[in-house]
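Novice: sequence and computational prediction follow.
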Amino acid sequence: MIVWLLILVLVLAFYIYIEFTPKDVDPHFLTHQAAITSTRISGETAVYRSLVNDHGRALLGSAAPINKFTLTHLWKDLDNFRIAHVNQTGTTHEISDLKRLIRDVQQSISTLEEGCRVPISFGASVEGMAVFLAVCFSGRVPVLLKAHTHGVHDEEEEQPIISEVEYEFGSGSTGINVLINGEKKTIPLFLEKAAEQVSDSEITIKSNGVALVSNGTEISETDIGVSIAAQLTAVGVQHRWSKQDTVFMAPASMTVNSIVMMLTALSSGAALLFAETSPTLSAATILSQAKPTIMVSDDVSMRTLCKIADDYRIFEWAQYFVRLLRLAKGKLGPTAMVDGFQYLRLVHTATGPDPFQWLSNGEMSRLRILTGTQLIHMYTPDSGMPISQTSVGDYRSRKLPGVNMGPPLPGLEIKKKGKSLLVHKANHEDYVAVSEDCSANAKLGMDGCLYVPEKRHDFSMYYYYTGELK
């Protein structure tokens with residue numbers, strides 16, 4: 001009798017613990033994540049805005065600073081940037097001579113016509129960021145090419161003028177290659193001697209209005225400014241990036257979105273952390289030793305974590321199941337179940353150009369449980385900035401009309417037009433059409449969030465797929 005009474009008490013306690021745990025976010029907010037304009041001209045469809053902005057006010061506050069934004073505005077704070085590099089042993093090196101890298105790259109491309117396009121190929125790295133800034137500051141336009149393993153590009157592909165040093169086992173990728181007119185020059189990331197002082201007069205600082213070119217599309221400096229401002233306000237005040245944060249850049253290649261996130265970190269005063277290209281360097285090593293508080297990654301990289309739960313034993317599975325029940329009730333687990341992630345408070349993961357590789361709602365739930373962090377899913381289908389991203393505390397997984405991609409960012413307005421969506425960039429004239437004919441195939445839900453159909457490859461050939469958690 002006593003045993004059965006004890007079991008009943010434990011079951012009742014477990015029920016109360018799961019059912020009455022306070023939610024991280026009010027469910028009312030999750031069902032109304034975007035505001036709809038109350039007035040519009042005849043024939044115009046609804047316009048959806050992120051609720052981060054007060055209804056009726058200009059997006060991102062005053063439009064003037066964003067309209068006037070250029071990448072040269074970053075120059076005045078360059079000396080205050082905190083950037084570090086982690087090698088294959090897990091040792092962190094502070095980058096104290098970013099100006100030297102920028103100057104050396106500019107000198108190497110000085111023979112190229114001003115305003116010309118400069119193809120570059122890099123992973124998300126210190127070298128890639130230095131090259132991007134150097135080319136932009138010189139009045140030329142960087143063209144982002146896909147980063148390839150060992151620096152090898154197909155003959156039919158456009159060849160980069162500037163690329164990262166080919167990886168060599170034991171040394172890592174720690175340099176910049178510049179190839180002009182058949183002549184190759186290598187700029188080392190680190191100098192054997194002490195860093196030299198570089199005067200401002202040795203570096204060209206110009207702006208031509210175009211920040212970069214990706215997939216044949218020009219991304220303006222205004223777009224970059226809107227993207228940075230949107231990211232700085234896209235999460236609640238208590239979750240915003242600050243000088244107390246260290247942001248670890250984990251994407252495999254440098255994209256428009258990864259550049260925006262790098263610049264967002266620098267604009268917020270946060271420290272930036274990059275890892276060298278090395279097959280022996282794991283994310284767990286970096287997270288455990290460097291202890292960053294924010295990580296920026298992509299769906300392909302994050303999916304590899306999902307398989308960890310399959311190796312759990314009985315006690316770990318029980319712990320996982322309890323956290324899954326709590327998550328379904330709107331409460332994130334107290335700690336990470338994966339080593340290294342206990343120091344993180346935010347993880348941003350971006351979709352890529354291939355919709356078959358995007359994380360599903362179930363995979364996002366599994367990752368939130370394993371990492372114990374707030375995961376923000378950024379929707380970036382061939383766009384210069386995320387069109388939308390999930391909100392902090394939005395753990396919804398089931399009974400949704402597709403994969404939840406969250407409400408529009410503060411810098412955007414989304415309009416319905418027939419079966420298509422028009423995405424308008426605040427304070428700018430450009431629109432991005434998202435229709436049923438393109439790979440995005442996005443739909444706008446009643447809650448103001450974008451949803452895309454869940455697409456699956458033959459995962460036995462491409463990647464491990466967990467599917468919806470049941």
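Specialist: The structure has been received and is ready for your questions.

Novice: and the residue nearest to L189 when sequence neighbours are not counted, how many neighbours does it have?
Specialist: Closest residue in space to L189, ignoring its immediate chain neighbours: T174 at 4.3 Å, by Cβ to Cβ, 6 or more residues apart in numbering. Bear in mind the C-beta positions are built from the backbone N, C-alpha and C, glycine included. Look at T174: counted by other Cβ atoms under 10 Å, it has 20 neighbours.

Novice: does T174 touch T186 like I think?
Specialist: No: the criterion here is Cβ atoms under 8 Å, and T174 misses it with T186 at 10.3 Å.

Novice: what sits in contact with each of the two?
Specialist: Common neighbours of T174 and T186, counting by Cβ atoms under 8 Å, 6 or more residues apart in numbering, are V165.

Novice: verify the stated contact: E221 with S207.
Specialist: Yes: using Cβ under 8 Å, E221 is in contact with S207, at 6.6 Å.

Novice: which neighbours do the two share?
Specialist: 70-71.

Novice: who has more neighbours out of the two?
Specialist: Between E221 and S207, counting by other Cβ under 10 Å, E221 is the more crowded of the two (20 against 15).

Novice: tell me the contacts of that one?
Specialist: Applying Cβ under 8 Å, 6+ apart to E221 gives the contacts 69-71, 207, 209-211.

Novice: now it: how far from T111?
Specialist: Note on E221: its distance to T111, by Cβ to Cβ, to the nearest Å, is 25 Å.

Novice: E218 too?
Specialist: From E218 to T111 the distance is 24 Å (Cβ to Cβ).

Novice: repeat for I228
Specialist: 32 Å.

Novice: who's more crowded, these two?
Specialist: Legend: neighbour count by other Cβ under 10 Å for I228 and T111, higher for I228 (25 against 9).

Novice: low-confidence regions, the stretch 51-200 of the chain specifically.
Specialist: Low-confidence segments of the stretch 51-200 of the chain (pLDDT under 70): 53-67, 88, 147-157, 166-173, 191-195.

Novice: give me that answer again for 90
Specialist: Within the stretch 51-200 of the chain, the ranges that satisfy pLDDT under 90 run 51-80, 85-101, 104, 110-115, 121-129, 144-200.

Novice: can you map out the helices along it?
Specialist: For the stretch 51-200 of the chain, the helices defined by DSSP state H, counting those that start in this stretch cover 64-67, 98-108, 126-137.

Novice: ok, the stretch 201-350 of the chain next?
Specialist: Under the criterion DSSP H, counting those that start in this stretch, the stretch 201-350 of the chain carries helices at the ranges 221-233, 256-268, 283-290, 299-303, 314-328.

Novice: tell me which of those helices lies nearest to H28.
Specialist: Across these, H28 has its closest neighbour in helix 314-328 (17.7 Å, Cβ to Cβ).

Novice: now the closest one, how far from the centre of its chain.
Specialist: Helix 314-328 sits 28 Å away from the centroid of its parent chain (Cα atoms, centre = their mean, to the nearest Å).

Novice: check which residues of it are buried.
Specialist: For helix 314-328, the neighbour count (16 or more other Cβ atoms under 10 Å) marks 320, 323-324, 326-327 as buried.

Novice: likewise for stretch 386-405?
Specialist: For stretch 386-405, by 16+ other Cβ under 10 Å, it's 386-397, 402-405.

Novice: average pLDDT across it?
Specialist: Summarised as a single mean, pLDDT over stretch 386-405 is 88.

Novice: how long is that stretch from one end to the other?
Specialist: Its start and end residues considered, stretch 386-405 measures 10 Å (Cα to Cα, to the nearest Å).

Novice: quick one: V25 and Q374 touch, right?
Specialist: No: taking Cβ under 8 Å as the definition, V25 is not a contact partner of Q374, at 10.3 Å.

Novice: before I go, just wanted to say thanks for your time.
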